[in-house]
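Chemist: any chance you can model this:
(one chain, ligands or ions: 1)
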Amino acid sequence: MDELIEEAARIILGSKLTLALTGAGISVESGIPDFRSRGGLWDRFDPEEYGTIYAFRKDPEKVWKMLKEMEDTLDRARPNEAHVGLAELESMGLLQCVSTQNVDNLHQEAGSRDVIEYHGNSRSLTCLWCNRKHDYKEKKGEYPPRCTCGKILKPDVIFFGETIPFEAMERSSQLASTCQALLIVGTSALVSPFNILPRQAKQAGAKIIEINLERTVLTDHITDIFLQGKASEKVSQVVSAVKELRGL
Ligand code: APR
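Modeler: Model (predicted):
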């Protein structure tokens, strides 16, 4: 067994409360490009022009060009071994919760039950003018989707300039400041306030395990164990090691 993988598995086995934080990198192997890698969403669409709530309010039709592309990609995506591995850890009683920046629903599809959607979700849409909510399925095929009042709908994903859902922020923060182990998978940790969570956990004394293809802003100062590689491989290896050490 790889030494670092074994160390990570022992930390998880010895922890009374483990939280996972995930970002776009965990879903790359499911066919969803991330935001900031080469060829990522923000490489092709300027976030100032497409990713802010001001841009959406100004020209929703234009922003829907990007959202339509995202929607098609999300429709095709299925959970990969990293999502499945985290769901397995939860079912073994070794992972309390996943707090994710992703809006792709893949943690839930993989079987995770306790998922905090920090940046909202793409399953519903809201009218910014009359506040009516619509199910995503009900509006499928409509482009851009419109409310019964005639205005263009916004998916319930958090745009830059919008506030994070209060409960998601509160609960993530509470778990980060009380967890004994934190597993961070596939995030550049460049977006606030989500990127405060690893620091909170560190300050509270948690052991930090980070899985990423590349080193991030967390790796040198916050991370205790850095597992460099694909999320699917590294999460699976950690889960196998946990099982082996448990004698399963
Ligand atoms: N396995 C592990 N890590 C990966 C993989 C992979 N297969 N592919 C990419 N990564 C890593 C990249 O190295 C990078 O560090 O995932 C990270 C993805 O970073 P970002 O693209 O910045 O995505 P994320 O951190 O989730 O972005 C946060 O920014 O614009 C917003 O709202 C959007 O939720 C998103 C937020």
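Chemist: list, one by one, the residues from this protein near the ligand.
Modeler: 23-25, 28-29, 34-37, 40, 51, 101, 119, 186-188, 190-191, 211-214, 216, 230-231 (C-beta under 6 Å from any ligand atom). Bear in mind the C-beta positions are built from the backbone N, C-alpha and C, glycine included.
Chemist: now intersect those with the helices, please.
Modeler: In helices, defined here by DSSP state H, the members of these are residue 231.
Chemist: report the closest residue of this protein relative to the ligand.
Modeler: The ligand sits closest to residue 25 of the chain, with a gap of 2.2 Å, by C-beta to the nearest ligand atom.
Chemist: count the neighbours of that residue for me.
Modeler: Look at residue 25: counted by other C-beta atoms under 10 Å, it has 26 neighbours.
Chemist: now swap in residue 182 and tell me
Modeler: 29.
Chemist: I figured it hits residue 208, correct?
Modeler: Yes. Between residue 182 and residue 208 there is a contact under C-beta atoms under 8 Å: 5.0 Å.
Chemist: how is this structure partitioned into domains?
Modeler: Following automatic domain parsing, the chain resolves into domains at 1-32+79-119+164-248, 33-76+122-157.
Chemist: packed most tightly, which of those domains would that be?
Modeler: Counting by mean count of other C-beta atoms under 10 Å, domain 1-32+79-119+164-248 has the highest mean neighbour count of the domains of the chain, with a mean of 20.
Chemist: tell me the gap between that one and the middle of its chain.
Modeler: The chain centroid and the centroid of domain 1-32+79-119+164-248 are separated by 10 Å, computed with C-alpha atoms, centre = their mean, to the nearest Å.
Chemist: go on, stretch 131-139?
Modeler: How far stretch 131-139 lies from its chain's middle: 22 Å, per C-alpha atoms, centre = their mean.
Chemist: restricting to C-alpha, output it in CSV.
Modeler: In CSV, the C-alpha atoms belonging to stretch 131-139 read as follows (Å, rounded to 0.1, in the frame of the first residue of the first chain):
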residue,chain,number,x,y,z
ASN,A,131,-40.0,35.0,-7.9
ARG,A,132,-41.8,32.0,-9.2
LYS,A,133,-39.8,28.7,-9.1
HIS,A,134,-39.9,26.1,-11.9
ASP,A,135,-38.6,22.5,-12.0
TYR,A,136,-35.8,22.0,-14.5
LYS,A,137,-37.6,19.1,-16.2
GLU,A,138,-40.7,21.1,-16.8
LYS,A,139,-38.6,23.6,-18.8
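Chemist: can you list contacts of it?
Modeler: 122-127, 145, 147-149, 153, 155-156 (C-beta atoms under 8 Å, 6 or more residues apart in numbering).
Chemist: in JSON lines: those residues, plus secondary structure and pLDDT.
Modeler: Converted to JSON lines, these look like this (DSSP: H, G, I helix; E, B strand; the rest coil; pLDDT from 0 to 100):
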{"residue": "122", "secondary structure": "strand", "pLDDT": "93"}
{"residue": "123", "secondary structure": "strand", "pLDDT": "92"}
{"residue": "124", "secondary structure": "strand", "pLDDT": "96"}
{"residue": "125", "secondary structure": "strand", "pLDDT": "97"}
{"residue": "126", "secondary structure": "strand", "pLDDT": "97"}
{"residue": "127", "secondary structure": "coil", "pLDDT": "97"}
{"residue": "145", "secondary structure": "coil", "pLDDT": "97"}
{"residue": "147", "secondary structure": "coil", "pLDDT": "97"}
{"residue": "148", "secondary structure": "coil", "pLDDT": "96"}
{"residue": "149", "secondary structure": "coil", "pLDDT": "97"}
{"residue": "153", "secondary structure": "coil", "pLDDT": "98"}
{"residue": "155", "secondary structure": "strand", "pLDDT": "97"}
{"residue": "156", "secondary structure": "strand", "pLDDT": "97"}
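Chemist: got a pLDDT number for the nearest residue to residue 22 once chain neighbours are set aside?
Modeler: Setting aside the residues directly before and after it, residue 22 is nearest to residue 100 in space (C-beta to C-beta, 6 or more residues apart in numbering), at 4.4 Å. Per-residue pLDDT puts residue 100 at 98.
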